[in-house]
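[1] Need a 3D model of the sequence below.
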Amino acid sequence: MFAVLKTGGKQYKVQAGDVLRVEKLNAAAGDKIQFNEILMVGSTLGAPLVDGACVQAEVIDQIKADKVITYVKRRRKHSSQRTRGHRQQLTLLRVTDVLAEGAASTGVKTAVGARTKENA
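    Model (predicted):
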């Protein structure tokens, strides 16, 4: 069974056993996390989310993407150049389970983005 989940402003179609690279999450390697924003499970479509559905995953590692270099050159009177590089921080995940219902009773930590503050 597959599911479509939303995290980091993007949507991913996943099934058990898939390995994903998502925007950085607050989790260490080896942690089990759970995604609760599920847009679709199998043939069940959410409006906008499927109630009680979740995707559980295990964090493999915190990684960085390949470097992206931007180069700007302005000509004519104001001759200037600028080179900038950026490496996006990512979290590498392995999807372990797709649950169509019972997300509240699993007891697994919810996935939270790195820039979001957790309400304790």
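[2] Please make it C-alpha for all contacts and neighbour counts, starting now.
    Will do.
[3] which intervals of the protein have sub-threshold pLDDT?
    By pLDDT under 70, the low-scoring segments of the chain are 117-120.
[4] run the last query once more with 80
    Judged by pLDDT under 80, the chain has its weakly predicted residues at 116-120.
[5] Identify the residues contacting the residue nearest the centre of it.
    Nearest to the mean C-alpha position of the chain, counting by C-alpha atoms, centre = their mean, stands Val22 at 3.4 Å. By C-alpha atoms under 8 Å, 6 or more residues apart in numbering, the residues touching Val22 are Thr7, Gly8, Leu90, Thr91, Leu92, Leu93.
[6] Going by residue numbers, what spans are strands in the protein?
    Using DSSP state E, the strands of the chain run over residues 2-7, 10-15, 19-23, 32-35, 38-41, 44-45, 54-64, 68-74, 80-86, 89-99, 109-110.
[7] Deepest in the core, which of those strands is it.
    Among those, strand 38-41 has the highest mean neighbour count (mean count of other C-alpha atoms under 10 Å), at a mean of 24.
[8] Thanks a lot, catch you later.
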